[in-house]
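# Sequence first, predicted coordinates after that:
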Number of protein chains: 2
Amino acid sequence: MITDLSEEKIIQSWNKNSAPWVQSVRENRIESRVLVTNQAIVEAVVSVAREQVLDLGCGEGWLSRELIKRKLSVMGVDAVPELIEKARLSGSSRFEVMSYEDIANKKLELTFDTLVCNFSLLGKKSVEDLFQAVPELLNPGGYFIVQTIHPVFGGGTEDYTDGWRKGSWKGFAEGFTDPAPWYFRTLSSWFELFRQSGLEVIEIQEPVNPVTKMAASVIFISRVGAEFTGYEIDQ
Amino acid sequence: MITDLSEEKIIQSWNKNSAPWVQSVRENRIESRVLVTNQAIVEAVVSVAREQVLDLGCGEGWLSRELIKRKLSVMGVDAVPELIEKARLSGSSRFEVMSYEDIANKKLELTFDTLVCNFSLLGKKSVEDLFQAVPELLNPGGYFIVQTIHPVFGGGTEDYTDGWRKGSWKGFAEGFTDPAPWYFRTLSSWFELFRQSGLEVIEIQEPVNPVTKMAASVIFISRVGAEFTGYEIDQ
């Protein structure tokens, strides 16, 4: 049985909603993406990326296509087969069906200059396991970039504490059903998750929505921390 | 002439309001301090401090006294003479009248294991210059800890962008006049300020008010970054 607030429920919900999702993204129906966050994540990746990019939770492939246009070599992975199918039909990147559990279990035997997650980190343990696997997926000097819902501006009126929250398709077009739950993390918890995974956050961005004048998301740019590279500073 | 939104106005306002401030702190009249932030800053300092602590913007000396109780050796500095006078009468720490400009100009020829600023960073340039001076004030392996108003929970409804804001004594007892302006920084700007000053943030805390269940402040714990110590990792 799949419980309401669980990793499995997230995947089940996205499998159900892949068709309206593809339509929403491709028809530019998600206002905050069009106004702010699409450009913000592309610029963040371009600011650090050298060549090989892995788009983790790539969905129908929007970000991969944008990065290909900017002369980067991109591979996209997602746990939802229907989204990967749409992605493959839409662009020249390599797209594979792969869950974060697969990634954490080292099924992807490749390394990259940049890993990016664009609003694709929704779970608890799946996300924590993925973070643990990040340093080994990065080439030396590589970057791990995450754009996610801003914990304060986007956290609603619930208590400011980590925990599972019910999903909602509020603000989305018709056609969506059975929203995915998500695991809320405070800003300090996100920061701690990077550090616990051997990653040093070198920049925090808060892209501001030009209409509301409030932050529309948060972007963390991180790299493998000096303490975890094997290059000890006192050598 | 002192303009309304300026560094000079901050000092002028605190000189005017030192008497009601001393009373508010000593009579535990500031609810968020009593409920959350006093304990949070003491615990943060104790978690990293070894021996010599510098309390920057110490005011009437509350934090210095708390840290002395915990067997730390504390020096307090503040730009407001009347506050330093009260501090000297209240505890055994060494207290000196000194502005952040004095500190930035290296008038303090000492180093410390931990520097702490507890709600004492209100200006723009004065704060930036102080940050630049921090690495040289720290003993090797030392920490710089800042507790400040949470940029999102405490930022009000104004645009989420850096800039001078008018002060207010709303919520304070009677007796306060002519509130000090303050320079608002977004969370990303605070983080960038640390990095630009050669400081690596190793922890972000967001102490939660048990009544409102929202973050009452933000605490940054930082240390001199590996890149700035003179110990290059490729040596």
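Arrived safely, thanks for sending.
# contacts, neighbours, all on C-alpha from now
Fine.
# Counting residues, name the longest helix you see in chain A.
Longest helix of chain A, by residue count under DSSP state H: helix A:125-137.
# Just checking: what are the partner strands of the helix or strand just after it?
Using DSSP states H and E, the helix or strand that follows helix A:125-137 towards the C-terminus is strand A:138-148. The strands that strand A:138-148 pairs with in its sheet are strand A:112-118 (parallel), strand A:218-224 (antiparallel) (by DSSP bridges).
# Export these as TSV, with columns for mean pLDDT.
Listed next are those as TSV, based on pLDDT from 0 to 100:
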stretch	mean pLDDT
strand A:112-118	98
strand A:218-224	97
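# TSV please, covering these and showing mean neighbour count.
Putting the strands paired with strand A:138-148 into TSV (neighbours: other Cα atoms under 10 Å in any protein chain shown) gives the following:
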stretch	mean neighbour count
strand A:112-118	23
strand A:218-224	23
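# Turn these into JSON lines, including distance to B:Q147.
As requested, these are exported to JSON lines (distance: least, Cα to Cα, whole Å):
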{"stretch": "strand A:112-118", "distance to B:Q147": "30"}
{"stretch": "strand A:218-224", "distance to B:Q147": "21"}
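# Looking at those, which is nearest to A:Y160?
strand A:218-224 (16.2 Å; Cα to Cα).
# now that closest one, how far from the chain's geometric center?
11 Å (Cα atoms, centre = their mean, to the nearest Å).
# Send me it as PDB with only the CA atoms.
Presented in PDB, the C-alpha positions along strand A:218-224 are these (Å, rounded to 0.1, in the frame of the first residue of the first chain):
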ATOM      1  CA  VAL A 218      16.100  29.600  -3.900                       C
ATOM      2  CA  ILE A 219      19.100  28.300  -5.900                       C
ATOM      3  CA  PHE A 220      22.100  26.700  -4.100                       C
ATOM      4  CA  ILE A 221      25.400  26.400  -6.000                       C
ATOM      5  CA  SER A 222      27.700  24.000  -4.400                       C
ATOM      6  CA  ARG A 223      30.900  22.100  -5.000                       C
ATOM      7  CA  VAL A 224      32.700  19.200  -3.300                       C
END
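# residues in contact with the residue sitting nearest the centre point of chain A?
By Cα atoms, centre = their mean, the mean C-alpha position of chain A lies nearest to A:C117, the distance being 2.4 Å. For A:C117, the contact set (Cα atoms under 8 Å, 6 or more residues apart in numbering or on different chains) comprises A:D55, A:L56, A:G57, A:C58, A:I145, A:V146, A:Q147.
# picking up where we left off before, what's the longest helix of chain A packed up against?
helix A:100-104, helix A:187-196 (3 or more Cα pairs under 8 Å, 6 or more residues apart in numbering or on different chains; DSSP states H and E).
# and the angle for it with strand A:138-148?
150 degrees (axes from the mean of the first three to the mean of the last three Cα atoms, to 10 degrees).
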